[in-house]
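> can't give you the sequence, but here's the structure:
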């Protein structure tokens, strides 16, 4: 286990020290026998973990055929508040109000015997690449009561989320684990191809590893190699969570949600994991993300391209090669030491490659009129370069904004998008990965800062209205730059 000299563990240590040394000298002298007994462990303070969503910037569909793609973090995030209960409360609760999920289990009734069996027990540093059928079967009785009164489609989503949580919780924890409540809010649209489930997976993984004291960060003086080990550990267990949700995920979403920035990924052999190369120095870029609100099916779009390839194999091969060249050219531009994320001369070539990539995807038949409408509106105002992101057929578009965009043009565009029933998000591409707020106290430039900051109130967190309400209350950015208190595993090349 890595050393525990960071601020988080100092806070824990101070709590334990205070628990052992409080009391008057007379009480110590008079009750020496009692003081010789083992003291109760103090409760952890409430803390929060956050992780970003992601977009595919280049290489959709070509990646299915062994070509490279680039995925990058966005500043839309999930936030998980972890509250430790008193020692007498032997329950673990999930509260995900954004999807109307709330459920509580008795810790002592969970199938610890199965998960702790010598042939099944996992350590926090283990690499888990497949789910154990016996462990999945042991969890089934504990899922039947989850949202039992909800419609089938809702119940299916809730029970899938509960399965993923319990699988990781029982794999990492033990029956002596303290009672806890895990409360999640997310500003990432669900089912839009933006990695919302991976963001949640990373939050749960990081939270449990922190509770186990299996992480010694993040902190400013952390050695880069140690930070990479920590990030990999979080990502590995987030991947287990993702397997419970998706069956056979690529591993890219949880990688980006953990480390932030961007990655180049490529999968030439589907019997092996993809090759993922981090772009640790990926710059933060201004992005307009638009959700078309048009339902899509990734499987349908992938199948459509597969049929086209059967009919026109040489032509489709040429298109896939072209998309690959676009992706690699973009990577070279962004990695160039002279690239300036605030210069139009640097952004324009990247934006032009986004437009080319979009055109190639249109030729594959995976766009949609609502996606094309966004591109037309952006082009008309001349404020950036737009492409679809993900499988297409609906879903989202991304626009790389020109520096110093005319605010009037942006407002005019936003009014047209509102009128068309689109959802828009001004966000940032290539930001931080998983972050920790320990304890759950923020400094917001308010009067409370003089008294140590504002402790996050559970009721306020649950009742924050929409994305703006969550961001104002607990957001990493909070609308005014990065907030004091949040810490990140920052890794540079």
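On my side now, so go ahead. Because the structure is a prediction, the values reported are computed rather than measured.

> If you average the pLDDT over stretch 234-241, what comes out?
For stretch 234-241, mean pLDDT rounds to 96.

> before we move on, what about stretch 56-73?
On average, stretch 56-73 scores 95.

> so residue 55 makes contact with residue 387?
No - distance between residue 55 and residue 387: 9.9 Å, which falls outside the contact criterion (CB atoms under 8 Å). Just so you know, the C-beta spots here come from the backbone N, C-alpha and C atoms, and that holds for glycine as well.

> Please enumerate the shared neighbours of those two.
Here residue 55 and residue 387 have residue 398 as joint contacts, going by CB atoms under 8 Å, 6 or more residues apart in numbering.

> More neighbours: which of the two?
The neighbour count for residue 55 versus residue 387, taken as other CB atoms under 10 Å, is higher for residue 387 (29 against 26).

> which residues are in contact with stretch 414-428?
74-76, 189, 284-293, 370, 373-374, 377, 467.

> list the contacts for residue 396?
Residue 396 touches 55, 189, 192, 193, 194, 289, 290, 291, 292, 388, 389, 390, counting by CB under 8 Å, 6+ apart.

> These: which two are farthest apart?
189 and 388 (14.9 Å; CB to CB).

> And the two? Which one has more around it.
residue 388 (28 against 19).

> Okay, and the spatially closest residue to the more buried one that is not a sequence neighbour sits in which element?
Distances taken as CB to CB, 6 or more residues apart in numbering place residue 371 nearest to residue 388, at 5.0 Å, with adjacent residues excluded. Per DSSP states H and E: residue 371 is located in helix 369-381.

> Okay, buried residues for that helix please.
For helix 369-381, the neighbour count (16 or more other CB atoms under 10 Å) marks 370, 371, 372, 373, 374, 375, 377, 378, 381 as buried.

> Pretty sure the fifth one sits against residue 293.
No - if you go by CB under 8 Å, residue 374 and residue 293 don't touch, sitting 11.4 Å apart.

> for the stretch 1-150 of the chain, which spans come out with low pLDDT?
1-43 (pLDDT under 70).

> all helices of it, in order?
7-21, 25-30, 32-35, 112-115, 133-139 (DSSP state H, counting those that start in this stretch).

> filter the contacts of stretch 414-428 to the buried ones?
74-76, 189, 284-292, 370, 373-374, 377, 467.

> re earlier: contact partners of the helix holding residue 371?
Contacts of helix 369-381 (CB under 8 Å, 6+ apart): 288, 290, 292-294, 358, 362, 384-388, 392, 394-395, 397, 399, 409-410, 412-413, 416-417, 420, 422.

> Show me this protein divided up by domain.
Structural domains assigned to the chain are 47-278+432-488, 285-429, following automatic domain parsing.

> How many neighbouring residues does the residue nearest to residue 343 when sequence neighbours are not counted have?
Nearest residue to residue 343, sequence neighbours excluded (CB to CB, 6+ apart): residue 403, at 6.9 Å. By the criterion of other CB under 10 Å, residue 403 has 14 neighbours.

> Checking residue 403 next. Helix, strand or coil?
coil (DSSP: H, G, I helix; E, B strand; the rest coil).

> Residue nearest the middle of the protein, spatially speaking?
Central residue of the chain (CA atoms, centre = their mean): residue 199, 2.0 Å from the mean position.

> Which positions within stretch 379-398 qualify as buried?
381, 383-398.

> buried sites along stretch 47-67?
47-65, 67.

> Run the chain-centre distance for that stretch.
11 Å (CA atoms, centre = their mean, to the nearest Å).

> Outside of stretch 127-142 itself, list whatever touches it.
So stretch 127-142 is contacted by 105, 109-111, 114-115, 120, 122, 162-163, 166-167, 170-171, 236-237, 239-240, 243-244, 273 (CB under 8 Å, 6+ apart).

> If anything else comes up later, I'll come back, but that's it for now.
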